[in-house]
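**Q** Below are the sequence and a predicted model; questions follow.
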Amino acid sequence: MVETASDVPDVLAPDLACVFCGINPGRVSAAAQAHFANPRNDFWRLLHDAGFTPRLLAPSQQFELLPLGYGVTNAAYRTTPGSGDLRRGDFDATRLEALASELRPRALAFVGKEAYRGVFGERTELGPQARTLADTGLYVLPSTSPANAAVPYEERLRWFRALRTWIEPVGREAVRALLIDGAGRVLLFRWENWAGVWWITPGGGLLPGESDEAGLRRELAEEAGLSGFELGSLVYERTQRLPRAEHLVDQHERCYLVRIESHEVAPTVDLAAEEVTGYRWWTLADLAETTERIAPPNLAQLASENLHF
């Protein structure tokens, strides 16, 4: 990862549970060469009270975060008297993208809405975010600056505690179908939730003790009214980290090929309750040309490789 000069060193290592991202070094932090060094900044106290650290750390002890699974960086490296003195060019989204790709933290938590807005150029609300950087989930915390004193300490502590719960991923086993009809079309469902809209292959989570085949037959019967099909070969297997509202989910899913001649989709459950708002048969050309979000992103290639009998 390319390093850029900063008055305050990054506290980083591979595979951390969470990297906290402040907006930029203030003069007190620059002089101390430590993050959140202003004695009126509540960051270190919030970390301790929320259970991230077993004792209250001083800013000078910032590297003691690494063995605990946490790190610290800034959205902008330039030291200024206040965050209001920053310019748009001070923020470097590319650096944070490289951090996520190379160091693979579970989450990146922006300490303050302005840190997030500086990087992505958009306003947001506190809590988990719809976007990700690689497999790193994004979260926005209240600012811990003394300038944010209007927000009560207990309210800021509530968000820090929520983050600590959110970054502990919940495992989920799932099974899906690459369902191709005789016209070479692929059935996808429109999945819409707090994080956005995707077109996804039919399928879902396995019940305890349920086999892949049993789970897929149940899911296709519920979502599409399809039964009596022959289960084909494994198309792909992957684990992906999904940012859900309550917590991160590490979903391990396997997708199998299912070929049919034709089928009229007739769900037997309320798909809206599962955040599904529609379905569509897609041609290969549709998949290759669409600007909508498809999961997995290489579905057009997978469908092309499995199109012919």
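**A** Everything's here; your move.

**Q** Would you map the helices across the stretch 201-309 of the chain?
**A** Taking DSSP state H, counting those that start in this stretch, the helices of the stretch 201-309 of the chain run over residues 212-224, 284-289, 299-305.

**Q** Single out the most deeply packed of those.
**A** A comparison of these by mean neighbour count, using mean count of other C-beta atoms under 10 Å, puts helix 212-224 on top with a mean of 19. (Glycine included, C-beta is placed from N, CA and C.)

**Q** For that one, output the C-alpha coordinates as CSV.
**A** The C-alpha trace of helix 212-224 is given here as CSV (Å, rounded to 0.1, in the frame of the first residue of the first chain):
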residue,chain,number,x,y,z
ASP,A,212,-27.8,-28.4,-0.3
GLU,A,213,-30.2,-30.3,-2.5
ALA,A,214,-33.1,-30.3,0.0
GLY,A,215,-32.5,-26.6,0.7
LEU,A,216,-32.5,-25.7,-3.0
ARG,A,217,-35.6,-27.7,-3.7
ARG,A,218,-37.4,-26.0,-0.8
GLU,A,219,-36.2,-22.5,-1.9
LEU,A,220,-37.1,-23.0,-5.6
ALA,A,221,-40.5,-24.3,-4.6
GLU,A,222,-41.1,-21.3,-2.4
GLU,A,223,-39.7,-18.5,-4.6
ALA,A,224,-40.6,-19.8,-8.1
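
**Q** And the contacts of that helix?
**A** 175-177, 179, 187, 189, 202-207, 210, 226-227, 229, 231, 254, 256, 258, 263, 265-269, 271, 276, 279 (C-beta atoms under 8 Å, 6 or more residues apart in numbering).

**Q** 7 Å - rerun?
**A** Here helix 212-224 makes contact (C-beta atoms under 7 Å, 6 or more residues apart in numbering) with 175, 177, 187, 189, 202-204, 206-207, 226-227, 231, 254, 256, 263, 265, 267-269, 271.

**Q** Could you do stretch 107-120 as well?
**A** Contact partners of stretch 107-120, identified using C-beta under 7 Å, 6+ apart, comprise 18-23, 43, 75-76, 83, 86, 91, 93, 96, 100, 123-124, 133, 136-144, 163, 167, 248.

**Q** Identify the residues contacting residue 294.
**A** If you count contacts by C-beta under 7 Å, 6+ apart, residue 294 has them with 199, 287.

**Q** Please name the bridge partners of it.
**A** For residue 294, the beta-bridge partners under DSSP bridges are residue 199.

**Q** same thing with residue 193?
**A** Per DSSP bridges, the residues bridged to residue 193 are residue 196.

**Q** can you redo the helices of the stretch 201-309 of the chain as TSV with distance to residue 66 and mean pLDDT?
**A** Shown next, in TSV, are these (distance: least, C-beta to C-beta, whole Å; pLDDT from 0 to 100):
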stretch	distance to residue 66	mean pLDDT
helix 212-224	39	97
helix 284-289	43	93
helix 299-305	38	91
